[in-house]
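Novice: what would the 3D arrangement of this be:
(chains A and B)
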Amino acid sequence: MKKYFAIFRVTLINSLAYPGELIGRSLMILPFMWIFHQLWSVTFAAAGAQEINGLTVRSTLWYLMLAETIELSRPRLGNTISEAVKDGSIAYILSKPYDFLLYHYSTSLGETIFRAAMNILLGGAMVWWLVGAPPNPFGWPLALLTILGAWTLNFCIAAMIGLSAFIVEDISAFQWIYQKFAFILGGLLIPLDFYPAWLQTIAKALPFSAMVYSPARLFVEPSLPAFATTLAMQLAWIAALGLLLVYFYRRSLAHLTVNGG
Amino acid sequence: MSAITVSHLQKNFQSKRKTAGLTGSFQSLFKPEYNPIAAVRNLSFEMESGELLGFIGPNGAGKSTTIKILTGILHPSSGEAKVLGYTPWKERQKLAFQIGTVFGQRPQLWYHLPAIDTFTLFGKIYELEDAETKKRISFLAEAFEIGDLLETPVRKLSLGQRMRCEVAASLLHKPKLLLLDEPSIGLDVVAKQHIRDAIRTMSEQEKVGVLLTSHDAGDLEALCHRVIIINHGQIVYQDKVSNLKRKFLTRKLVEVRYAEEIRKDFALKGMETLKTGRYGVKLTFDTRATPADAVLARLSEAGTLVDITISDPPLEEVIANIYQESASEPSELPCLEK
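Specialist: Next up is the predicted model:
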C-alpha cells in the first residue's frame, strides 16, 4: 500500500502547485450559500414555520454547505480517465506496476482533500455569518468520516463512467445523467426530507443519497445510530459497485484503443 | 536469449465511417458503418537481450501500436508475444517491473512538480528502498546531465531537458528492456544528439535492451545495431544497420573545392552535378556504375583540388525509397531482405 500512499501524497502536493486556483475555485461556494440562504429564508417564512420535517433554516443551510462541499470538491474522474484515453497518456498509467483503479483512487483522494478543506473553510465561514454556529459540534467527526465513504462511492460510479471511454468515444452524456441524479436524488439542492414520502423512499434506497444526503444530514443531526446506518449503507454500496467496477474494468481493458498511434 | 519474441501478431481496429454533411451524420447515427483497419498485420520478429533494435516506419505504420501491445496496454486481435518471458497483456504488472517506457509525445513526469518528485514517486512505485532510490537518482543525474534540472518544475524545462529527464526516469528501476516510442520527436539537432548519447551509454553500461520506434533515421543510425522497417503494419525490411547502409547507400555525395574558378556548366562523366558555385561543386555518383577511384581521378584532372568530402546521403532518403517500393502495393508487401 506504500506506493498508493506515495501517489496520494504527490497528488496532494500537486494540488498545491497553484494555490490561487485552489482558492479561486473554492470561492464558488460563497454565492451558492448566499442564494440558498435567501431561498430557504423566504420559503420558511412563507410556510410560517420555524421547522419543516426536522430542519430549521440554520440546519438546512449547514446541511447544504456540507452537501455542496462534497459535490464541489469531488474530482472529475470521468473526465480525467476520458482525457487520458483521448490524448494517449493512459499508456503510462497502464505500463506501471500498480493497479489502475487504486492508482486513480489515490489520485482522486489527493485532489480532493485541500479542495474540500477550502470549501468547508469558506462555505462554513459564510454560513456561520449568515445563520450562526453549526447545530451540533459532534456532527463534525461523524460527517467527516462518512464523507470519505461518500467519495469512495462517488469514485466507483465516476470510474465506471470514465472507463466507458475505453469503449465509447464520448462520455459526457453519462456524466450529465450522473450529475443530475446526484443533484436530485442525492439531495444536493433540496434536502430529501422536503420531498414527498414516496420519493424519499426511492431516493434513500439509491446510492446517491449515501453520497450526499446521509453525511450532510448526519452533520446537522448527529447520532451514533444514524452514523452506523449511513456507514453500513455506504459500505454495502461500495462493495456492490466496487465489484461491478472491477468487472467492468477487466472487460473494458480488452476494448481499449489508445489514440495517437 | 530472446528479450522479445513476436509471432503472427495482428491488431485490428474498427474505424467509424461517416459521409459528409448532415445527412451523413444522421445515417451514421442510425446505421453506423465501420472500416476495419489492420494496424498490425501478421507481425513476427525476435529481439535478443541487450540488443538495440530500431523499429522504423512512417506515421501510421503500426510502430506505436506494436509497442503498446508489447507493454501490455493493448490486447492483440490474434498472435503471440513474449517479452522477457511474460505475455504482456496477461502479465502486465509483472512485466512493468522489468521494463522502462518512454512515449515521446506524452509526459510521464508530473508537469507542475519538479522532476525529483516524480523520481521519488517512481522509487516507491517500483518498490525500491529509499536509499537505493537516492543513489540511483544521483547516478542518473550524472549520466543524463540533469543534476541542476531536477528541482525545477517540469513545465519550465525545455523539451530537450524534459526528454532527458523522461528517459532517466524510465531507467530508475534498472529495467532489462527499454521501450522508447519516438524519444527524439520534436527535438532540435543538439538535443537529439544529447539524448542518443545518453541512451547509448546507459545501454552499454547496464546491458539494457532498447527497442526504439522512430520515424527519424538519425536515431537508427546513431543507436541501433539492427533495424526493422515497418509499413502498413507489416515488416518490409529487417537487417543490420550496416547492411542496410551497404545495400542501399550505393550513391555517394561529393563536395569539392578548387583553387581556381570553375566553369558554370561543370560536368564529369558518370557523375551528376547537383550544385555549382564559384570555386566549389556538389556532385553525386553511383558506386556500382562509377568506381570511386575513377571519380577521384576525374575530379583531380578537372583542376587543382583544395578540399574534397565524400559522404553518404541521409538515411531518410534510403528509407523513403524502401517506403515507396512498399507503398506501391500495400496488400502485397514484399519482405525485401532478411
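Novice: check the secondary structure at the residue of the stretch 51-200 of chain A found nearest chain B for me.
Specialist: Nearest to chain B in the stretch 51-200 of chain A, going by Cβ to the nearest Cβ, is residue A:97, at a distance of 3.9 Å. Heads up, the C-betas are built off the backbone N, CA and C, glycines and all. Classification of residue A:97 using DSSP: H, G, I helix; E, B strand; the rest coil returns coil.
Novice: neighbours around it, how many?
Specialist: Per other Cβ atoms under 10 Å in any protein chain shown, the neighbour tally for residue A:97 reads 17.
Novice: for residue B:305, what are its contacts?
Specialist: Contact analysis of residue B:305 by Cβ atoms under 8 Å, 6 or more residues apart in numbering or on different chains lists B:256-259, B:299.
Novice: scratch that, residue B:32
Specialist: Per Cβ under 8 Å, 6+ apart, neighbours of residue B:32: residue B:16.
Novice: that one and chain A: what is the separation?
Specialist: 11 Å (Cβ to the nearest Cβ, to the nearest Å).
Novice: how much space between that residue and residue B:296?
Specialist: According to Cβ to Cβ, to the nearest Å, residue B:32 and residue B:296 sit 66 Å apart.
Novice: which among the contacts of residue B:305 gets closest to chain A?
Specialist: The closest of the contacts of residue B:305 to chain A turns out to be residue B:256 (Cβ to the nearest Cβ; 43.1 Å).
Novice: so where do the helices sit in the stretch 1-150 of chain A?
Specialist: In the stretch 1-150 of chain A, the segments counted as helices under DSSP state H, counting those that start in this stretch are A:2-15, A:19-26, A:29-47, A:57-73, A:77-87, A:90-94, A:100-131, A:139-163.
Novice: the helices in the stretch 1-150 of chain B, which residues?
Specialist: Applying DSSP H, counting those that start in this stretch to the stretch 1-150 of chain B gives helices spanning B:21-30, B:63-70, B:92-96, B:115-125, B:130-143.
Novice: quick one on the thing from earlier: deepest of the helices of the stretch 1-150 of chain A, which one?
Specialist: Highest mean neighbour count among the helices of the stretch 1-150 of chain A (mean count of other Cβ atoms under 10 Å in any protein chain shown): helix A:57-73, with a mean of 24.
Novice: what helices and strands are in contact with it?
Specialist: helix A:29-47, helix A:100-131, helix A:139-163, helix A:213-220 (3 or more Cβ pairs under 8 Å, 6 or more residues apart in numbering or on different chains; DSSP states H and E).
Novice: distance from the chain centre to that helix, please.
Specialist: 12 Å (Cα atoms, centre = their mean, to the nearest Å).
Novice: burial count for the residue lying closest to residue A:94 once chain neighbours are set aside?
Specialist: In space, and not counting its chain neighbours, residue A:94 is closest to residue B:73: 4.5 Å by Cβ to Cβ, 6 or more residues apart in numbering or on different chains. Residues near residue B:73, counting by other Cβ under 10 Å, number 24.
Novice: wait, doesn't residue B:73 sit right on residue A:93?
Specialist: No - with contacts counted by Cβ atoms under 8 Å, residue B:73 stays clear of residue A:93, the gap being 9.1 Å.
Novice: ok, back up a step: what would the helices of the stretch 1-150 of chain B look like in TSV with distance to chain A?
Specialist: Listed next are the helices of the stretch 1-150 of chain B as TSV, based on distance: least, Cβ to the nearest Cβ, whole Å:
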stretch	distance to chain A
helix B:21-30	12
helix B:63-70	3
helix B:92-96	4
helix B:115-125	4
helix B:130-143	10
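Novice: go through the ones you listed and pick out the most buried.
Specialist: helix B:63-70 (a mean of 27).
Novice: identify the residues contacting the nearest residue to residue B:97 once chain neighbours are set aside.
Specialist: In space, and not counting its chain neighbours, residue B:97 is closest to residue A:97: 5.0 Å by Cβ to Cβ, 6+ apart. Residue A:97 sits next to B:93-94, B:96-97, B:125-127 when contact means Cβ under 8 Å, 6+ apart.
Novice: what's the closest non-adjacent residue to residue A:111?
Specialist: Counting by Cβ to Cβ, 6+ apart, residue A:111 lies nearest to residue A:75, which is 4.4 Å off, once chain neighbours are set aside.
Novice: backbone phi and psi for that neighbour, please?
Specialist: For residue A:75, the backbone dihedrals are phi -70, psi 150 (criterion: degrees, to the nearest 10).
Novice: residues in contact with it?
Specialist: A:107-108, A:111-112, A:158 are the contacts of residue A:75 under Cβ under 8 Å, 6+ apart.
Novice: please apply the same query to residue B:180.
Specialist: B:101-102, B:104, B:167, B:199, B:210-213.
Novice: so residue B:224 sits right up against residue B:199, yeah?
Specialist: No - applying Cβ under 8 Å as the test, residue B:224 and residue B:199 come out as separate, 10.3 Å apart.
Novice: overlap of the contact sets of those two?
Specialist: By Cβ under 8 Å, 6+ apart, residue B:224 and residue B:199 have these common neighbours: B:210, B:212.
Novice: between these two, tell me which one has more neighbours.
Specialist: A side-by-side neighbour count of residue B:224 and residue B:199, using other Cβ under 10 Å, places residue B:199 first with 26 against 23.
Novice: still on that earlier bit, could you export the helices of the stretch 1-150 of chain A to CSV, including columns for mean pLDDT and distance to residue B:191?
Specialist: Formatted as CSV, the helices of the stretch 1-150 of chain A follow (pLDDT from 0 to 100; distance: least, Cβ to Cβ, whole Å):
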stretch, mean pLDDT, distance to residue B:191
helix A:2-15, 92, 27
helix A:19-26, 88, 31
helix A:29-47, 93, 46
helix A:57-73, 93, 41
helix A:77-87, 83, 23
helix A:90-94, 83, 21
helix A:100-131, 94, 31
helix A:139-163, 92, 35
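Novice: which one of the ones you listed lies closest to residue B:54?
Specialist: Residue B:54 lies closest to helix A:90-94 among those, at 20.1 Å (Cβ to Cβ).
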